[in-house]
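In: here are the coordinates; sequence isn't available:
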């Protein structure tokens, strides 16, 4: 068994690994660039497998007791009025606000203090060089010393310098088109236990979150392609934010004033860390240094805790580091790939650029927050991810002084839930698509608000099998709802070629419905609309066939749509033939 272990970074992942490896009997040293332990940081949450690891450490209740006290999430308008809210107490599972909401520094300290009983911490130092042999890694520190270790665990952040030393040019970052600034500001009258989220035009948002330290945690975000903003000086970053948010409304002025006075300003252009491998020789990556999924994924802390635990357990069960590292990567890859599958459109959907987009988002969120829907949203939002089977790792401290023992692998009894877009973002995407379709349909529908279209449609010579107008009003909403359910299920699946093709066909068919109404009712192109209707039969059939390869229920709810389009094509072609003077 390898014994001398270096961990770089006193982060959540680093402290978790130090806790478990120290208890397992390894000689652990943790090196941290900061001059002392860092208590700062913003809200994070722990869910699922992360909570199970904290439970095994005996820290779950302590983490709950040290929580921020956040009771839910509310979206507000420019006057501060709530347009949608999700209260944790009313959700059947974790929603946007999890049961375990805690500040990063508070959780890191909960892990650090017991870990320090079994590991040596060296603050104010960092790795500057490293050489490896088959037997060891020789690490040179900024302080000037060079030391030998059997294994090195890199548990630094998204911009890990040590990762760059050992894995030069191997990170292919995926930029998420979202820039976020965090700061802590004084608590004001009216600040309560809700996370309040405000959307302004041009992809801007402002949010305020509670803590237990008598202050408020603020966030400013801008949805836009990345520039080089992360490399600017702090003064330039603040000036840029002040310019962007000067007319944003709600409490943006308060946040900007607090930003100038804060001592914990943090600015980041979000990007995922994409590595084809997490280990090289005797060096292994974990936490954000290995796989940063960004806050958009909503699972970063859970990944950090789970990954550090699995790494420590695999190192304890195997004397060969290569075997341990390979087993760790095999166990964690599905969970990481799932978390990183968030589509890049997600930030755009949650940060609309227009007033219409904001109204559509608020409408969808308002619908999702209704009691009849809220329970389902909670179950989906807090559902299982593709976490490793933790039953493989048994804490047998009563029998094994090392503190970590491994049982034989057992098949997981829980099938992983779909990944891809989070439920809230998937609902938002479907809502925006349906909203746009409804707007186009309303503009073209032959109802009393469009007397010209209404009179023209009623004068057409239609065959006897034409359903009454009321039937169209009932059937189309049902069919589009089925199509929306299918789209939602597909958006929840992990990104891939087939899934993306199915989503594209779903969007295409939804757009073609609006295009058909434009051709038939508004432009009165009977011949062209009949041809388009036939094309829609083919495209909707292709959608069902493609969706069936990804999610059979999504395909099933699309079948009525195909059948109706077949009928509608026959009807459109007959109307065109019977009205030669009207067609174009």
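Out: In hand now; what should we look at? Quantities reported herein were computed from a predicted structural model and do not represent experimental measurements.
In: ranges for the strands of the stretch 351-500 of the chain?
Out: 393-394, 405-406 (DSSP state E, counting those that start in this stretch).
In: helix or strand: which one has residue 542?
Out: Residue 542 belongs to helix 526-548 when elements are defined using DSSP states H and E.
In: now do that helix: which elements does it pack against?
Out: Under the contact criterion of 3 or more C-beta pairs under 8 Å, 6 or more residues apart in numbering; DSSP states H and E, helix 526-548 touches helix 497-517, helix 552-556, helix 559-578. No exception for glycine: its C-beta is placed from N, CA and C like everyone else's.
In: need the ones you listed in CSV (columns: mean neighbour count).
Out: Below are the helices and strands packed on helix 526-548 laid out as CSV (neighbours: other C-beta atoms under 10 Å):
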stretch, mean neighbour count
helix 497-517, 19
helix 552-556, 17
helix 559-578, 18
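In: okay, those in JSON lines with distance to residue 277 next?
Out: Below are the helices and strands packed on helix 526-548 laid out as JSON lines (distance: least, C-beta to C-beta, whole Å):
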{"stretch": "helix 497-517", "distance to residue 277": "23"}
{"stretch": "helix 552-556", "distance to residue 277": "34"}
{"stretch": "helix 559-578", "distance to residue 277": "43"}
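In: pick out the shakiest of the strands of the stretch 351-500 of the chain, pLDDT-wise.
Out: When those are ranked by mean pLDDT, strand 405-406 comes last with a mean of 43.
In: poorly predicted segments of the stretch 1-150 of the chain, please.
Out: Counting by pLDDT under 70, the ranges of the stretch 1-150 of the chain that qualify are 1-2, 92-95.
In: how about 80 then?
Out: 1-2, 40, 91-97 (pLDDT under 80).
In: for this structure, what's the longest strand?
Out: Longest strand in the chain, counting residues (DSSP state E): strand 174-186.
In: buried sites along that one?
Out: Neighbour counts over strand 174-186 (16 or more other C-beta atoms under 10 Å) mark 174, 176-185 as buried.
In: for residue 314, give me the backbone phi and psi.
Out: The phi/psi pair for residue 314 (degrees, to the nearest 10) reads phi -70, psi -30.
In: wait, it touches residue 327, no?
Out: Yes - using C-beta atoms under 8 Å, residue 314 is in contact with residue 327, at 4.5 Å.
In: of those two, who's got more company?
Out: Between residue 314 and residue 327, counted using other C-beta atoms under 10 Å, the more crowded position is residue 314 (25 against 20).
In: who touches that one in this structure?
Out: By C-beta atoms under 8 Å, 6 or more residues apart in numbering, the residues touching residue 314 are 324-325, 327-328, 331, 406.
In: in a markdown table: those, plus secondary structure.
Out: Formatted as a markdown table, the contacts of residue 314 follow (DSSP: H, G, I helix; E, B strand; the rest coil):
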| residue | secondary structure |
| --- | --- |
| 324 | helix |
| 325 | helix |
| 327 | helix |
| 328 | helix |
| 331 | helix |
| 406 | strand |
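In: which one of those residues is nearest to residue 546?
Out: Nearest to residue 546 among these, counting by C-beta to C-beta, is residue 331 at 31.3 Å.
In: correct me, but the closest one touches residue 310?
Out: Yes - counting by C-beta under 8 Å, residue 310 is a contact partner of residue 331 at 5.2 Å.
In: looking at this, residue 152 is in a strand?
Out: Yes - under three-state DSSP, residue 152 sits within a strand.
In: what does the pLDDT read for it?
Out: 98.
In: try the one 10 residues further on
Out: The predicted local confidence for residue 162 comes out at a pLDDT of 96.
In: check which helix or strand it maps to.
Out: Element membership of residue 162, judged by DSSP H and E, is helix 161-166.
In: how about the strands in the stretch 51-200 of the chain?
Out: Per DSSP E, counting those that start in this stretch, the stretch 51-200 of the chain carries strands over the ranges 72-76, 82-87, 101-103, 119-123, 127-132, 137-141, 146-149, 151-154, 174-186, 194-200.
In: mind putting these into JSON lines with distance to residue 534?
Out: Putting those into JSON lines (distance: least, C-beta to C-beta, whole Å) gives the following:
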{"stretch": "strand 72-76", "distance to residue 534": "42"}
{"stretch": "strand 82-87", "distance to residue 534": "41"}
{"stretch": "strand 101-103", "distance to residue 534": "53"}
{"stretch": "strand 119-123", "distance to residue 534": "69"}
{"stretch": "strand 127-132", "distance to residue 534": "65"}
{"stretch": "strand 137-141", "distance to residue 534": "66"}
{"stretch": "strand 146-149", "distance to residue 534": "69"}
{"stretch": "strand 151-154", "distance to residue 534": "58"}
{"stretch": "strand 174-186", "distance to residue 534": "38"}
{"stretch": "strand 194-200", "distance to residue 534": "41"}
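In: list the contacts of the helix holding residue 162.
Out: Under C-beta under 8 Å, 6+ apart, the answer for helix 161-166 is 8, 126-130, 152, 154, 156, 171, 280, 283, 285, 289.
In: if you set the cut-off to 6 Å instead, what comes out?
Out: 8, 127, 130, 154, 156, 280, 283, 289 (C-beta atoms under 6 Å, 6 or more residues apart in numbering).
In: what does stretch 279-296 give?
Out: Contacts for stretch 279-296 (C-beta under 6 Å, 6+ apart): 11, 13, 132, 137, 151-158, 160, 163, 166, 176, 270, 272-273, 278, 300, 304, 307-308, 311, 321, 325, 336, 339-340, 342, 346.
In: ok, the closest residue in space to residue 343 that isn't next to it in sequence to residue 389 distance?
Out: Nearest residue to residue 343 in three dimensions, chain neighbours excluded: residue 421, at 5.8 Å (C-beta to C-beta, 6 or more residues apart in numbering). Distance, residue 421 to residue 389, using C-beta to C-beta, to the nearest Å: 25 Å.
In: same question, residue 575
Out: Applying C-beta to C-beta, the value for residue 575 to residue 389 is 59 Å.
In: re the thing from before, of the helices and strands packed on helix 526-548, which is nearest residue 530?
Out: So among the helices and strands packed on helix 526-548, helix 559-578 is nearest, using C-beta to C-beta, at 4.3 Å.
In: please state the offset of that closest one from the chain centre?
Out: When C-alpha coordinates are averaged (C-alpha atoms, centre = their mean, to the nearest Å), helix 559-578 and its chain have centres 40 Å apart.
In: with stretch 140-155 instead?
Out: The answer for stretch 140-155 is 34 Å, by C-alpha atoms, centre = their mean.
In: isn't residue 187 up against residue 216?
Out: Yes - judged on C-beta atoms under 6 Å, residue 187 makes contact with residue 216 at a distance of 4.9 Å.
In: buried ones in stretch 229-237?
Out: Applying 16+ other C-beta under 10 Å to stretch 229-237 flags 229, 237 as buried.
In: cool, and stretch 154-172?
Out: For stretch 154-172, burial by neighbour count (16+ other C-beta under 10 Å) applies to 154-160, 162-163, 166-167, 171.
In: hang on, the earlier thing: neighbours of the residue nearest to residue 343, how many?
Out: 27.
In: kindly report the same for residue 126.
Out: Count around residue 126 with other C-beta under 10 Å applied: 17.
In: how close does it sit to residue 13?
Out: Taking C-beta to C-beta as the measure, residue 126 falls 17 Å from residue 13.
In: same check on residue 123?
Out: 17 Å.
In: ok, residue 201 next?
Out: According to C-beta to C-beta, residue 201 and residue 13 sit 38 Å apart.
In: ok, residue 345 next?
Out: The value you get for residue 345 to residue 13, if C-beta to C-beta is used, is 29 Å.
In: and these two? Which one has more around it.
Out: A count of neighbours by other C-beta under 10 Å puts residue 13 above the other of residue 345 and residue 13, at 33 against 16.
In: and the contacts of helix 161-166, which is closest to residue 430?
Out: Set against residue 430, the nearest of the contacts of helix 161-166 by C-beta to C-beta is residue 289 (35.1 Å).
In: give me the number of residues near the closest one?
Out: Neighbourhood size, residue 289 [other C-beta under 10 Å]: 31.
In: what are the buried residues along the helix or strand harbouring it?
Out: Using DSSP H and E, residue 289 sits in helix 288-291. Residues of helix 288-291 classed as buried: 288-291 (neighbour count, 16+ other C-beta under 10 Å).
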